[in-house]
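**Q** I would like to see how this sequence folds:
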Amino acid sequence: MLTNDLIKKLQEADPDNKYHVEDSNGAIVDVSNLPGYYDGAGCYIKEDDTFVVDKKNNKIRLYSMDFEEAAWDDDNIEIIADKKTKEEYLKRIEEIKEKRDKHNKEWLYKSLHGILEKYQKGFIVRQPKEKKIGTYNCMKFTREGHLSKSLCQGDCGTIINSGFFKPVEDRYGIMWQLDMKMCYIMR
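**A** Numbers count the residues shown, from 1 in each chain. The predicted structure follows:
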């Protein structure tokens, strides 16, 4: 389906522009124009009902967020429903947040343990000066005589948010220095 076809179908479904649009996964949060090869081939159905897999031409990607993702991300959620249904949703939100908090604590412990093991082996975490602090996926473990290794997004989050590390600017960029006071407190 081309963009104009989608717009036409949306206008047919809601000629007075009264309703919010969602896809089968939830609320649409973003739209991007991407190369056909990016993140899997683009797919569409031609007018003769042929299913097409296309890695050569750009595609328009709709991104959506469902209720559980919104609750996990702690987004501001408004529930428009009868009292009983609203209570059920509020209870579900609390369950999701409890699950999220448990998951985050477990991940932080596991991630922090792995990072501290690397520090014990003489590695440090660096990032380029031109990347602002808080930018994910720009941090690398480095050590004299070793190839540097990029940190995953979760480990970057641990470095930034755990309180165990502080950024120190030097002539090579930003070094994430281990805060020894935090290590002492955790003993």
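**Q** what's around residue 139, how many residues?
**A** 24 (other C-beta atoms under 10 Å). In short, each C-beta sits where N, CA and C put it, glycine included.
**Q** Please renumber the chain so that the first residue is 796 from this point on.
**A** With 796 as the first residue, the last one maps to residue 934.
**Q** List the contacts of it.
**A** 920-922, 945-946, 950-951, 954, 971 (C-beta atoms under 8 Å, 6 or more residues apart in numbering).
**Q** same question, residue 965
**A** Per C-beta under 8 Å, 6+ apart, neighbours of residue 965: none.
**Q** who's it bridged to?
**A** residue 968 (DSSP bridges).
**Q** Tell me the spacing between residue 902 and residue 822.
**A** 26 Å (C-beta to C-beta, to the nearest Å).
**Q** Now list the buried members of the contacts of residue 934.
**A** Among the contacts of residue 934, those classed as buried by 16 or more other C-beta atoms under 10 Å are 920-922, 946, 950-951, 954, 971.
**Q** Out of the residues you listed, name the two that are farthest from one another.
**A** Using C-beta to C-beta, the two most remote members of the buried ones among the contacts of residue 934 are 921 and 950, lying 13.3 Å apart.
**Q** Brilliant, that's me finished.
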